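> Any chance you can model this:
(chains A and B)
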Amino acid sequence: MSETSAADLKLELEVLLRRAEVAVPADRMDAVLAGYGDLKRLCALLRQPRTAAAEPSNTFSLVTLMKGV
Amino acid sequence: MPATGTTKPLHELSIAEAGAALRAGELTATALAQDALARIAALDGALNSFITVTAERALADADAADAAFKAGIDAGPMQGVPYALKDIYDTAGIRTTCHSKLLVDNVPAADSVVAAKLKAGGGVLLGKLSTHEFALGGPSFDLPFPPARNPWNPEHIPGGSSSGSGAAVAAGLCRMAMGSDTGGSIRGPAAYCGTVGLKPTYGLVSRRGVFPLSYTLDHCGPLSWTVEDSAITMEVIAGHDPLDPASADVPAPDFRSGLDGDVTGLKIALPRHFFGQAEGVSPEVLVAIDNAASLLTKAGAIVEEVAIPDYELFNAVGRVIMFSEAFSIHEKDYRERPLDFGRLTFTRMILGATLSAADLTQAYRLRRELAVAVNHRLLKQYDAILCASALAPAARFDSMSDAFPPNWPIQTMPFNVTGNPAMSMPAGFSASGLPLSVQIVGRPFDEPTVLRVGASLEKALALTGLRPSTATLRQAA
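Coordinates of the predicted model:
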């Protein structure tokens, strides 16, 4: 994935925040932008090579779904 | 300068020692409670570890414990013992604020499961403890209550998010404090404050009635002065809760079975690459870890260097899951009253709004791979892992910034991702007099081995007699 320019990163963040219907005050935007940049870096690490068989199906199980009800 | 003495003051008695004295009739729960309350009054002005001190409740609990002992009733090892709860644990009729403007007037109608168990076990509740806002945003000065401070040097952070828990135990204000741990929030304060902090196996302690940060990463556990005291606490709080969807339906292990500290023949993995070149790692921490490995070897354990997946993979999984789940919990308040969050909470948690469904699913996929790597490959051959907890001593408050990630280096998130039991414990002191720590990790539901290794190290290091000086705190309070 190519590196995003600072301006594009900010634009990307603004679109995502608008989609999420949340607003960031101007004095907090720099901190949020820095966090977003770091989180993008971490999200790229999640994309390790794996096949379709590598699944997290254990997160949904009929055995445990009704627990706590 | 740490204080030592041949006659132990009341506040230095461990849970085990206090329990023995209570049962021998040498001490009353009321005396313990009064001593604790006086100490809080004298010192907590400088530490801010408590948000709410429940003096009347404490004395009532103590009175009930003394009456029970007199009547020959023994509800368990926490009977008569003063403890406190991180202010995210619901307590019936006692405000539970999560250290936030959003919940500053919140008074729950019912106890959390842990609070109820400690009450039924005869414990003495001293109060509710300072925390990072919603267990995430701190240390912050823009919240309804000031942040907790480190008793070893109040100019330094106590770690978080169970900041008040670490500070209160280290300062001898309570014998045990409950914390919660989503990415290190028990182990971080334990590391910085020089206490034991145990994050149990995921699902071993009920989370019901504890305000969530991240459903699949949250763990409830104790901070205490000694390894034994954490084991004793676990006896009372662990166990299946059919109404907690994540509660593990397994018998609780015998937590005290390993406290003889015999590590003969135990195989301990040392993933040096994890922390050896990590950003921000202090040479003093590396020396402390090597010293711990050497002591365990002398005690008969077999310590071997191993390789496990890179720390950054665990960190990526943990951050993506945490921010997704946390933001989903607070999404409505972000839309309706965003400026009621403190600045640090706001700027951190909002990142969950930027993640995609694919990001979260990839995190879950990698989570399983990492859990398999740790549990099905490494811990099939080894009995425990020795690694770093905090990578450096506690930072100064005036070095904190808005920077993300928060600028304190710590390597605790991996074992929230995998759910393994993990304990931070004291391992020495820096040249500046601040605690250093190590982390011990075990197989799922094998807390006894974690505690066994911890007990061995604790005995060899002989640090439990060294306490923060209270002279400075009395002046500042």
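
> how many other residues sit next to residue 59?
Let's take chain A. Neighbours of residue A:59 under the rule other C-beta atoms under 10 Å in any protein chain shown: 13. Bear in mind the C-beta positions are built from the backbone N, C-alpha and C, glycine included.

> Chain B is the one I meant
Around residue B:59 there are 16 residues (other C-beta under 10 Å).

> Residue B:173 reaches residue B:42, doesn't it?
No: here residue B:173 lies out of contact with residue B:42, judged by C-beta atoms under 8 Å, at a distance of 9.7 Å.

> Outside of stretch B:85-93 itself, list whatever touches it.
With C-beta atoms under 8 Å, 6 or more residues apart in numbering or on different chains as the test, stretch B:85-93 has contacts from B:51-52, B:96-99, B:107-112, B:114-115, B:118, B:125, B:127-131, B:134-135, B:162, B:164-165, B:177-180, B:209-211, B:220.

> where does the chain dip in pLDDT?
Using chain A here. Residue ranges of chain A with pLDDT under 70: A:1-3, A:57.

> wait, I meant chain B there
B:1-7, B:402-407, B:475-477.

> what about 50?
B:1-6 (pLDDT under 50).

> what's around residue B:33, how many residues?
Residue B:33 has 26 nearby residues by other C-beta under 10 Å.

> Just give me the neighbour total for the residue lying closest to residue B:132 once chain neighbours are set aside.
Residue nearest to residue B:132 in three dimensions, not counting chain neighbours: residue B:138, with 2.9 Å by C-beta to C-beta, 6 or more residues apart in numbering or on different chains. Here the count is done by other C-beta under 10 Å, and residue B:138 has 28 residues near it.

> Isn't residue B:138 up against residue B:161?
Yes: counting by C-beta under 8 Å, residue B:138 does reach residue B:161; the two are 6.2 Å apart.

> Which neighbours do those two have in common?
Going by C-beta under 8 Å, 6+ apart, residues that sit against residue B:138 and also against residue B:161 are B:131-132.

> Distance-wise, check residue B:147 relative to chain A.
As judged by C-beta to the nearest C-beta, to the nearest Å, residue B:147 and chain A stand 18 Å apart.

> Just give the nearest non-adjacent residue to that residue, would you?
Excluding the flanking residues, the one nearest residue B:147 by C-beta to C-beta, 6+ apart is residue B:139, at 3.9 Å.

> and the helix or strand containing residue B:313, which residues are buried?
Assigned by DSSP states H and E, residue B:313 belongs to helix B:311-336. If you call a residue buried by 16 or more other C-beta atoms under 10 Å in any protein chain shown, then helix B:311-336 has these buried ones: B:311, B:313-327, B:329-331, B:334.

> Within reach of chain A, which of those are there?
B:313, B:315-317, B:319-320, B:323, B:331, B:334 (C-beta under 8 Å from any C-beta of the partner chain).

> mind listing what residue B:33 touches?
B:58-59, B:61-62, B:82, B:124, B:126.

> Wait, a strand at it?
No: the assignment for residue B:33 (DSSP: H, G, I helix; E, B strand; the rest coil) gives helix, which keeps it out of a strand.

> Give the closest residue to it in space, chain neighbours not counted.
That would be residue B:62: by C-beta to C-beta, 6+ apart, it lies 3.8 Å from residue B:33.

> Can you give the contact residues for the strand or helix carrying that neighbour?
In this structure, residue B:62 sits in helix B:55-70 according to DSSP H and E. The contact list for helix B:55-70 (C-beta under 8 Å, 6+ apart) reads B:22-23, B:25, B:28-30, B:32-34, B:36-37, B:74-75, B:79-80, B:82, B:94, B:119, B:122-127.

> how far out from the middle of the chain is that helix?
Relative to its chain's centre, helix B:55-70 lies at 26 Å (C-alpha atoms, centre = their mean, to the nearest Å).

> And the helices in chain A?
Under the criterion DSSP state H, chain A contains helices at A:6-19, A:26-46, A:62-65.

> and what of the stretch 351-477 of chain B?
Assigned by DSSP state H, counting those that start in this stretch, the stretch 351-477 of chain B shows helices spanning B:357-372, B:379-381, B:414-417, B:447-461, B:471-476.

> With distance to chain A and mean neighbour count added, can I get the ones you listed in CSV?
Below are the helices of the stretch 351-477 of chain B laid out as CSV (distance: least, C-beta to the nearest C-beta, whole Å; neighbours: other C-beta atoms under 10 Å in any protein chain shown):
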stretch, distance to chain A, mean neighbour count
helix B:357-372, 4, 18
helix B:379-381, 18, 13
helix B:414-417, 12, 28
helix B:447-461, 22, 24
helix B:471-476, 31, 13
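
> From the centre of chain B, point out the most distant residue.
Within chain B, residue B:71 marks the point farthest from the mean C-alpha position, 34.3 Å out by C-alpha atoms, centre = their mean.

> Over to chain A?
Outermost residue of chain A (C-alpha atoms, centre = their mean): residue A:69, 30.2 Å.

> Quick check: that residue vs residue B:192, distance?
Separation of residue A:69 from residue B:192 (C-beta to C-beta, to the nearest Å): 40 Å.

> Can you tell me which of the helices of the stretch 351-477 of chain B is nearest to residue B:9?
Proximity to residue B:9 (C-beta to C-beta) singles out helix B:471-476 among those, at 13.8 Å.

> Enumerate every residue touching the closest residue to residue B:183 other than its chain neighbours.
Excluding its sequence neighbours, the residue lying closest to residue B:183 (C-beta to C-beta, 6+ apart) is residue B:413, at 4.4 Å. By C-beta under 8 Å, 6+ apart, the contact set of residue B:413 is B:183-184, B:314-315, B:318-319.

> Chain A: which of the residues you listed is nearest?
residue B:319 (5.4 Å; C-beta to the nearest C-beta).

> and the stretch 151-300 of chain B, which residues reach chain A?
Residues of the stretch 151-300 of chain B lying near chain A (C-beta under 8 Å from any C-beta): B:242-247.

> Which of these are buried? Put it as a PyMOL command.
Only the buried entries of these go into this PyMOL selection, using 16+ other C-beta under 10 Å:
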select buried, chain B and resi 244+245+246+247
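
> Okay, and which of the residues of the stretch 151-300 of chain B next to chain A map to strands?
Members of those lying in strands (criterion: DSSP state E): none.

> Now do residue 31: how many residues are near it, please.
Just going to use chain A. Neighbours of residue A:31 (other C-beta under 10 Å): 20.

> ah, I was thinking of chain B
16.

> Check residue B:55 too.
With other C-beta under 10 Å as criterion, residue B:55 counts 16.

> Please apply the same query to residue B:57.
19.

> Same check on residue B:399?
Neighbours around residue B:399, by other C-beta under 10 Å: 11.

> and chain A, which residues reach chain B?
A:13, A:16-17, A:20-25, A:28, A:30-32, A:34-36, A:38-39, A:42-43, A:45-48, A:50, A:54-56, A:58-59, A:64, A:67-68.

> Please list only the buried members of those residues.
Of those, these count as buried by 16+ other C-beta under 10 Å: A:13, A:16-17, A:20, A:22, A:24, A:28, A:31-32, A:34-36, A:39, A:42-43, A:45-46, A:56.

> which ones among the contacts of helix B:55-70 are found in strands?
Checking the contacts of helix B:55-70 against DSSP E, those in strands are B:82, B:124-127.

> Keep the residues you listed, but drop any that are not near chain A.
Applying C-beta under 8 Å from any C-beta to these, none is adjacent to chain A.

> just those residues now: which is nearest residue B:429?
Comparing the ones in strands among the contacts of helix B:55-70 against residue B:429 with C-beta to C-beta places residue B:82 closest, at 26.5 Å.

> Distance of that closest one relative to chain A?
The value you get for residue B:82 to chain A, if C-beta to the nearest C-beta is used, is 32 Å.

> just residue B:95 next, same as before
Distance from residue B:95 to chain A, by C-beta to the nearest C-beta: 26 Å.

> For that residue, list the residues it contacts.
Applying C-beta under 8 Å, 6+ apart, the residues near residue B:95 are B:52, B:104-107, B:128.
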